[in-house]
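# need a structure here:
(one chain, ligands or ions: 2)
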Amino acid sequence: MQIRASNPVHECDICVIGGGITAVMLVERLAALKPDLKITVLEAGRSIFDRENRGTYHRRAIEYGEHPWHDDYIEDQQAKGMISMTMAVGGQALHWGGACNRFSEEDLRLKSLYGLADDWPIEWSELERYYVQAERRLNVAGDPSPYPEDRRSGPYAQPAMPLSYNLQVLKKWAEQSGLKFSPLPLSRNVSAPADGRGACGLYDTCGDVCPTGARYSPDYTYQQLIAARKITLHDRMLVRKLVMQPGSGDAISAAHAYHQDRPEQLNEYRARLFVLASGQCWSPHLLLLSANLKHGTGLANRSGMVGRFMNGHKFISAQATIDEQTFPGQNMTHSLISREYFRCAPGRPFVRHDTRVWESSAGKEPRLRSADGGLLLGDALLDEWRSRAFKGSSVRLRAYYDSHPSRDSRLTLDESSKNRYGDPMPAIDRRLDAAATAREGATLAHCTEVFERMAKASNGRLTGKPSVSDYWDHPAGGCRMGTDPATSVVDSHGRTHDHENLFVIGAPTLPTGGCTNGTLTFVALSLRSADRIAELS
Ligand SMILES: Cc1cc2nc3c(=O)[nH]c(=O)nc-3n(C[C@H](O)[C@H](O)[C@H](O)COP(=O)(O)OP(=O)(O)OC[C@H]3O[C@@H](n4cnc5c(N)ncnc54)[C@H](O)[C@@H]3O)c2cc1C
Ligand code: SF4
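Ligands and ions are numbered 1, 2, ... in the order given. Modelled structure (predicted):
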């Protein structure tokens, strides 16, 4: 990369790389704690600040099946083994469902309690305080868990989203198995507008785009922060390398970035402190790409741990039919969760998972052909449909389960795939450790038994065998936190062991990926990083 006099140089106090949900939570908190800080956010993708059009996108998606988010990715910036290619201001949370479950204390103590994987270098009571803060910022609607181990130090921001008639029926049914269920906590303005976003219409139209903004989306917060001049955002600006000044120790001196419309022009961003908030794929990728003469295997990588222990959780899905009568279509995206198996009694075969229940219309859709192939029209179509729809219920079941990564669960640079600049793209190959591999069969048998027990409580049965996912959801890892610089990349606040002015926040820092949706945890950790960065600034 050649530095010319004509290349733009930008100066700020804090340079944040990546414009997703973890970044926006960090900068919002930092700007509140330290209003004088000059904060610049660099995002590789574009700003999709067109909320006035979202009602139209939503309608066209429903009526014509159109994809509402055009150009929310970068054609030549792709990774093997990644489940979402979104690169835009707001990141993947432009499209998320807003499910905001907490992990449990066991996630932080796997080694001490069960002799498995690793402990996290953070106390549960401290993380719990940041969960409360994250839930307030995301306006999470939830009810306290019926399990006493899930006690909280503060209430949810709003009461849970009301259960539809169907979910009330399914809750009664599911609890006959002995498990206790709650409405899924959601980051959504349930009954009133808040934070510049509208209230939920509860029309059961949740899909690719929320027309009212009721479901939390980071682009709203970015626009508010920009309008209030609390941050500067440079979009379509891809950071290709973090660089160090010769003679300035191990400190990072600049981020080198290129605008999508001016790929030949280097932009140099100088800052006192750099925060890598590029998610679990692109954060370790940038550290590996930034290798230099002194740090030949990449920045922050003296331990060799950058790109290792890539995690997340696998999941088991099933479908059941039961006798209770529901009427599918009332609120297909809302669901129930049980935290019964977040805990595993020491000495019992290890298994941890959440248990989720949705209404389902499987087998209940109207059909144009009868079982013997005859054409169905008018009353005949309705009669055939009623004969199936008003007879019992279909139910969708799922369990995210604790899937511990091995050291060789890895993100590496793939020399066979390069972007327009010739930078190798990431390839992710997730692998279980030996103990997790050995218990795969027992985990499937356990979850099948739980699902069958639930179904039997209402004279039901599973339709088909439960299936195991072929990908890991809520991906995390690659820059894991720890106290020992020989075995970890960052400390519990996300500060890299090797470079005192470089932080990595959120998903990449998780040593293990939990057994429920991860983003609330990524956000809670990022808020904790913000407090530490504010102390240092
Ligand atoms: C369809 C869908 C539904 C989901 N639903 C849920 C849910 O209900 N609950 C839940 O907990 N989670 C859910 N998730 C996951 C959730 O969206 C992610 O965990 C979360 O958004 C990750 O945020 P992040 O800030 O870590 O990373 P990202 O959202 O990936 O943001 C990182 C940003 O950094 C930018 N970037 C990367 N590299 C560079 C670079 N070199 N220079 C400049 N910018 C860069 C990227 O373009 C991106 O915008 C869902 C995800 C999807 C796709
Ligand atoms: S149901 Fe509510 S959260 Fe979902 S798209 Fe509609 S307004 Fe948004």
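# wait, Met310 sits on Arg430?
Yes - here Met310 lies in contact with Arg430, judged by Cβ atoms under 8 Å, at a distance of 5.4 Å. C-beta here means a position set from N, CA and C on the backbone, and glycine is covered the same way.
# who touches both of those two?
Common contacts of Met310 and Arg430 (Cβ atoms under 8 Å, 6 or more residues apart in numbering): Pro405, Ser409, Pro475.
# Which one of the residues you listed is nearest to ligand 1?
Nearest to ligand 1 out of the shared contacts of Met310 and Arg430 is Pro475 (Cβ to the nearest ligand atom; 7.6 Å).
# Could I get the full set of helices for this protein?
21-33, 54-64, 110-114, 124-137, 165-175, 218-227, 279-289, 378-389, 434-438, 440-456, 519-536 (DSSP state H).
# how about TSV for the ones you listed, with mean neighbour count added?
Formatted as TSV, the helices of the chain follow (neighbours: other Cβ atoms under 10 Å):
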stretch	mean neighbour count
helix 21-33	24
helix 54-64	14
helix 110-114	16
helix 124-137	18
helix 165-175	19
helix 218-227	18
helix 279-289	26
helix 378-389	13
helix 434-438	13
helix 440-456	18
helix 519-536	22
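# Of these, which is nearest Met425?
When the helices of the chain are compared by Cβ to Cβ, helix 279-289 sits nearest Met425, at 7.8 Å.
# just how off-centre is that closest one within its chain?
Put simply, helix 279-289 sits 16 Å off its chain's centre (Cα atoms, centre = their mean, to the nearest Å).
# What are the buried residues along stretch 305-314?
Using 16 or more other Cβ atoms under 10 Å as the test for burial, stretch 305-314 gives Met305, Val306, Gly307, Arg308, Phe309, Met310, Asn311, Gly312, His313, Lys314.
# Also stretch 500-507?
Neighbour-count burial for stretch 500-507 [16+ other Cβ under 10 Å]: Asn501, Leu502, Phe503, Val504, Ile505, Gly506, Ala507.
# wait, what's in contact with the first one?
What that stands for is Asn501. Per Cβ under 8 Å, 6+ apart, neighbours of Asn501: Ala251, Ile252, Arg272, Leu273, Phe274.
# Wait, the third one touches Leu37, no?
No - contact status for Arg272 versus Leu37: not in contact, 9.3 Å apart, counting by Cβ under 8 Å.
# so what sits against both of those two?
Asp13, Ile14, Ser537.
# just the buried members of the residues you listed?
Buried among the shared contacts of Arg272 and Leu37 by 16+ other Cβ under 10 Å: Asp13, Ile14.
# so which of the shared contacts of Arg272 and Leu37 would you say is closest to Ser417?
Ile14 (32.0 Å).
# Farthest pair within the buried residues of stretch 305-314?
Val306 and Lys314 (23.6 Å).
# Near ligand 1, which residues of this protein? Just list them.
Counting by Cβ under 6 Å from any ligand atom, the chain comes close to ligand 1 at 17-23, 42-45, 84, 87-88, 91-93, 95-99, 238-239, 277-279, 282, 286, 474, 506-507, 517-519, 522.
# Among those residues, name the ones in strands.
Ile17, Leu42, Leu238, Val239, His474 (DSSP state E).
# residues touching the third one, list them.
Think Leu238. Leu238 makes contact with Ala44, Ile74, Gln77, Ala257, Tyr258, Gln260, according to Cβ under 8 Å, 6+ apart.
# who's it bridged to?
Listed by DSSP bridges, the beta-bridge partners for Leu238 are Tyr258.
# ok, back up a step: could the helices of the chain be laid out in JSON lines, adding mean pLDDT?
Output for those, formatted as JSON lines (pLDDT from 0 to 100):
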{"stretch": "helix 21-33", "mean pLDDT": "98"}
{"stretch": "helix 54-64", "mean pLDDT": "84"}
{"stretch": "helix 110-114", "mean pLDDT": "96"}
{"stretch": "helix 124-137", "mean pLDDT": "98"}
{"stretch": "helix 165-175", "mean pLDDT": "96"}
{"stretch": "helix 218-227", "mean pLDDT": "98"}
{"stretch": "helix 279-289", "mean pLDDT": "98"}
{"stretch": "helix 378-389", "mean pLDDT": "91"}
{"stretch": "helix 434-438", "mean pLDDT": "98"}
{"stretch": "helix 440-456", "mean pLDDT": "97"}
{"stretch": "helix 519-536", "mean pLDDT": "98"}
